[in-house]
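K.L.:
Pasting a predicted model and its sequence here:
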Protein chains: 2
Amino acid sequence: MVSLEKFYNGNVRALSQLISAIEYQQNGIHKTLGEIFPKAAGSTKIGITGPPGAGKSTLVNSLVHKFIDSGNKVGILAVDPTSPFTGGALLGDRVRMNEFPIDGRVYFRSMATRGSSGGLSAATDNATLALGAFGYDIILIETVGVGQVELDIIDSCDAVIVVLVPESGDSVQTMKAGLMEIGDIFVVNKCDRPGSDRMAADLRYAIDSWQRLDEGWNAPVVCTEAINGKNLDELFESVQTFIKYSKDSGRFVKQRRSQISKKIMSLLQSRFRQEFLDQIDSGAKIETFIDEIVSGKSDPFAAGEKLYRQFKV
Amino acid sequence: MVSLEKFYNGNVRALSQLISAIEYQQNGIHKTLGEIFPKAAGSTKIGITGPPGAGKSTLVNSLVHKFIDSGNKVGILAVDPTSPFTGGALLGDRVRMNEFPIDGRVYFRSMATRGSSGGLSAATDNATLALGAFGYDIILIETVGVGQVELDIIDSCDAVIVVLVPESGDSVQTMKAGLMEIGDIFVVNKCDRPGSDRMAADLRYAIDSWQRLDEGWNAPVVCTEAINGKNLDELFESVQTFIKYSKDSGRFVKQRRSQISKKIMSLLQSRFRQEFLDQIDSGAKIETFIDEIVSGKSDPFAAGEKLYRQFKV
């Protein structure tokens, strides 16, 4: 059990231990998370997503500096679900941390896939609770790509920045609808490269075709050169404007309620799974079913239904 | 309800309708799938995965021709989980189908994400049952990348081919463990390009370091130029050798048992979810919980536990 006393006293090591306990789904972790949940409500979660090589890390680093310069504390979670094992994560974390002041205003952590499908997005969401309750008021969640795991993670953010590069044209074509729906702000990074104007115009057109303008927010397209700092002020301002709009219009609260609903559902689902696994004593029962299925006497769908009925009784 | 009479009579349209019913999780689909399950047991499922641009489609097309030339019927499922919406899928299917004889020996279908997380891999697995029961003895499952959804899909294959190109060096570095564990056969495609020898040697080294040789199978690395047909005979032979080894050694049956076990578990999980959703009348109950959570009187973890207990009674 992670000591919340040290955590509440601002001990960074206790924070790191809590996030590890979240990743490994340590016994009793949900009780701890329930306790800290209300304390995390004041933080704002910003998701940054885009293809590999779009310059997300550089962009995130710049945003971090702008946020701390305006008096915030920033926690960063880097998630790469395309990598089933992240052996180099710890080393990578240290390299990234070197970019930030070491006075506790910034916390960086990469999240690794430890369990099965769904585990990573749940762990990331729980880690935002830890960061928020610890006192980080801005939480940046950096993900690679727009697959299902990333969509789940992005879904639990208050604001989403989609980062592309002039060369991303093709992926915008193929993933248009998905991208357009999740982004609140779009960035064309590395805009010194050829094709950036065209890319920005295409994006503009796609956004205007796909997004529901009646919602009151017309997602801006910001062209940046993160590495030279070009237009990063404009991006930072867009982020702040969006958050203000979202809070004023009631969208923020509406999204939070929907996030809570999804969280309860996913907790229930894993609870059922656990309970069921506890009940079928060391897999002996399931082996009997498999024998029947292999010999053609049953099928997985009938077996699932039968086991379900036995469990409900 | 899909008419199984037409399906059993070899009506391709009935097959397509059944796969659509699977994708949309039509009412009663599990009963239908249970019925056809034993008839699919004789088919062999081969997964082909690798990064975008590795030439998987060209390679798959060549393998298809080799399989039909040796008297098989081949069904192909193309899965791209990085694309949350595949508006162009239908058009793409027609283009791909042009590569094959139209005499019914080949069936091609792309699978789209229709539901939430987990839906795509379940739908793909169920579609292999439809193809197998329809009479396709070889089923090729083509996926992009090695994220969680792809791993789940690959997990239900009898043989897995990992396709890389000479430029994939970096991704091999970062995803070494994941890639090495899933592959039974490795391909370095586009091997006319510089760096292919180095890439093959690196792969060889990585495989020998990671794979459990005591299992009796040392995954081969085949260097191909799919577009010119170079070494495709060698690849085809490797696939056949592996399948023979797997069947002779008992690995095939062992894998199938494990696949069945996972399938039962995932069916149970979605069953619980559905039952629960039916029970909380039109979300009214969950809204009460959200109100309590938003006002700080509860948290999602406590709410999940409470709902779970109510459901169990």
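P.N.:
Sure thing, it's come through.
K.L.:
Give me the spatial nearest neighbour of A:N126, chain neighbours excluded.
P.N.:
Of all residues not flanking A:N126 in the chain, A:I22 sits nearest, at 4.5 Å (Cβ to Cβ, 6 or more residues apart in numbering or on different chains). C-beta here means a position set from N, CA and C on the backbone, and glycine is covered the same way.
K.L.:
The one you found: which element?
P.N.:
Here A:I22 is covered by helix A:12-23, with elements defined by DSSP states H and E.
K.L.:
go on, A:I154?
P.N.:
helix A:148-155.
K.L.:
hang on, A:A21 packs against A:I29?
P.N.:
Yes - counting by Cβ atoms under 8 Å, A:A21 does reach A:I29; the two are 5.4 Å apart.
K.L.:
Alongside chain B, which residues does the stretch 201-313 of chain A contribute?
P.N.:
When proximity is defined as Cβ under 8 Å from any Cβ of the partner chain, the stretch 201-313 of chain A approaches chain B at A:253, A:256-257, A:260-261, A:263-265, A:267-269, A:271-273, A:275-276, A:283, A:286, A:289-290, A:293-294, A:296, A:299-305, A:307-308, A:311-312.
K.L.:
Can you point out the buried residues in stretch A:200-208?
P.N.:
Buried positions in stretch A:200-208, judged by neighbour count with 16 or more other Cβ atoms under 10 Å in any protein chain shown: A:200, A:202-203, A:206-207.
K.L.:
Quick check: phi and psi at the spatially closest residue to A:G50 that is not a sequence neighbour.
P.N.:
Nearest-residue entry for A:G50: A:V163, 3.5 Å, with adjacent residues in sequence omitted and distances by Cβ to Cβ, 6+ apart. Dihedral pair for A:V163: phi -110, psi 130, per degrees, to the nearest 10.
K.L.:
surely A:V163 meets A:G47?
P.N.:
No - A:V163 lies out of contact with A:G47 (Cβ under 8 Å); the separation is 10.7 Å.
K.L.:
Tell me, please, where in the stretch 51-200 of chain A the pLDDT is lower than the cut-off.
P.N.:
The model of the stretch 51-200 of chain A has pLDDT under 70 over residues A:81-94, A:113-118, A:145-149, A:169-179.
K.L.:
What segments of it are helices?
P.N.:
A:56-69, A:89-97, A:119-134, A:148-155, A:169-182, A:196-210 (DSSP state H, counting those that start in this stretch).
K.L.:
Adding distance to B:F7, write these out as JSON lines.
P.N.:
JSON lines is the format used below for the helices of the stretch 51-200 of chain A (distance: least, Cβ to Cβ, whole Å):
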{"stretch": "helix A:56-69", "distance to B:F7": "47"}
{"stretch": "helix A:89-97", "distance to B:F7": "48"}
{"stretch": "helix A:119-134", "distance to B:F7": "37"}
{"stretch": "helix A:148-155", "distance to B:F7": "30"}
{"stretch": "helix A:169-182", "distance to B:F7": "32"}
{"stretch": "helix A:196-210", "distance to B:F7": "37"}
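K.L.:
Who are the contact partners of the residue nearest to A:N126?
P.N.:
Contact analysis of A:I22 by Cβ atoms under 8 Å, 6 or more residues apart in numbering or on different chains lists A:29, A:33, A:123, A:126-127, A:130.
K.L.:
go with 6 Å
P.N.:
A:123, A:126-127 (Cβ atoms under 6 Å, 6 or more residues apart in numbering or on different chains).
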